[in-house]
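# Next come a sequence and a model predicted from it.
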Amino acid sequence: DLHSFPTRRSSDLQFYTEARKAAATTLVSGEGTRPTFSLRTLCRALKIASRNPCGSVRRSLLEAFSLAFLTELDRSSHPVIVELIGKHVIGVKEAVKLLKQPILQQAPGSVEVEGFWVQGGDLEVQEQDSYILTEQVRRNLADLCRIVSLCDHPVLLQGDTSVGKTSLITYLAHITGNRCVRVNNHEHTDIQEYIGSYTSDTSGKLVFKLGVLAEAMVAGSWIILDELNLAPTDVLEALNRVLDDNRELFIPETQETIVAAPGFRVFGTQNPPGQYGGRKLLSRAFRNRFLELHFDQLPPRSEERRVGKEC
């Protein structure tokens, strides 16, 4: 692959050029708008592929470009990008062949979920027999596992209420033995809930108690930031350094900087802004720190099966 680097670079740039053209003319994002592909999108794909997380350079390229360029799109637009990846990045026949081959386990302690290997946590694996895996839920789970298995980027799940955003993350955490905590955001969420505050211990001594985000970073846990677009601006601003590659959190009260332990992951969920009361439109700069997944409403047959089994 080193000998073919000039050809590889030219092919990737050709893909990026055509993907940008398609984004401006035909593609539709999960929000029903034109998607935004930037150099950050391309660099993210190349950076993930360079680590060769699948144990095969071509398979890593295929999955990394799918991760970076498909996640923002509506399902109806997927075939366009899939075709471009096959045409310019991998080769059409090679892509079909690769997808038929299983990804081999690369790290000890990882758990196979929907064909991807997710790093296991230090908790005992909890089977979730009551969780209902319809065809659409399995597709959503595979998209989530692709991200979690290939990189540690934050993930933002968007969709209508009751499409299974939070439950899918919790399900994946349980079956892989990862510790998962949750914050329910609202317009009055206090930054201290995230970072921490001074409080008295049992002896009456004033001590600083870490907030839920800080504790998750120290413990290397997963954290779900529910209803992220309801959180106040100061909370979102405090998340910026956590969502960056350095994954740090500065605590003003103690002048301490917490660096995330291995295994730490951030998941955000939100309902579409404009369709639900009080939801703000997050800035493009802030959202670019996430890999986005858009979940469609479950079809009636899936809802019938869900209600029938749960009740």
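Cool, got the structure.

# could you pull out the strands for the stretch 51-200 of the chain?
Here the stretch 51-200 of the chain has its strands, by DSSP state E, counting those that start in this stretch, at 110-113, 116-119, 155-159, 180-184, 196-200.

# what comes up buried for the fourth one?
Buried residues in strand 180-184, counted by 16 or more other Cβ atoms under 10 Å: 180, 183. Any C-beta I mention is one placed from the backbone N, CA and C, and that applies to glycine too.

# With the last one instead?
Neighbour-count burial for strand 196-200, with 16+ other Cβ under 10 Å as criterion, is recorded at residue 196.

# helix/strand/coil for the nearest residue to residue 77 once chain neighbours are set aside?
In this structure, residue 77 finds its nearest non-sequential neighbour in residue 27, 4.4 Å apart by Cβ to Cβ, 6 or more residues apart in numbering. Here residue 27 is recorded as coil under DSSP: H, G, I helix; E, B strand; the rest coil.

# Let's see the pLDDT reported for residue 27.
Note on residue 27: pLDDT of 96.

# Pull the number of nearby residues for it.
23 (other Cβ atoms under 10 Å).

# Tell me how far it lies from residue 290.
19 Å (Cβ to Cβ, to the nearest Å).

# which other residues reach stretch 302-311?
130, 132, 134-137, 298 (Cβ atoms under 8 Å, 6 or more residues apart in numbering).

# what pLDDT, on average, does it get?
Averaged across stretch 302-311, the pLDDT comes to 77.

# Pull the distance from it to the chain's centre.
Its chain's C-alpha centre and that of stretch 302-311 lie 27 Å apart, by Cα atoms, centre = their mean, to the nearest Å.

# hmm, back to that, residues touching the residue nearest to residue 77, list them.
Residue 27 neighbours (Cβ under 8 Å, 6+ apart): 34-35, 73, 77, 80-81.

# CSV for the residues you listed, including distance to residue 237 and pLDDT?
What follows is the contacts of residue 27, written out as CSV (distance: Cβ to Cβ, whole Å; pLDDT from 0 to 100):
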residue, distance to residue 237, pLDDT
34, 27, 93
35, 26, 92
73, 29, 91
77, 32, 94
80, 36, 96
81, 33, 95
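
# Closest one to residue 23 out of those, please.
Top of the list for closeness to residue 23, among these and by Cβ to Cβ, is residue 35 at 4.8 Å.

# give me the number of residues near the closest one?
By other Cβ under 10 Å, 24 other residues sit near residue 35.

# What are the buried residues along the helix or strand hosting residue 250?
Per DSSP states H and E: residue 250 is located in strand 248-251. Neighbour counts over strand 248-251 (16+ other Cβ under 10 Å) mark 249, 251 as buried.

# What strands line up against that strand, and which way round?
strand 256-259 (antiparallel) (DSSP bridges).

# just how off-centre is the partner strand within its chain?
23 Å.

# Name the next helix or strand downstream of that strand, please.
strand 265-270.

# Show me what that following strand is packed up against.
In terms of contacts (3 or more Cβ pairs under 8 Å, 6 or more residues apart in numbering; DSSP states H and E), strand 265-270 is packed against strand 155-159, helix 165-176, strand 222-226.

# and of those, who's closest to residue 122?
In terms of Cβ to Cβ, the element of those nearest to residue 122 is helix 165-176, at 10.8 Å.

# how far off strand 155-159 does that closest one point, in degrees?
Counting by axes from the mean of the first three to the mean of the last three Cα atoms, to 10 degrees, helix 165-176 lies at 130 degrees to strand 155-159.
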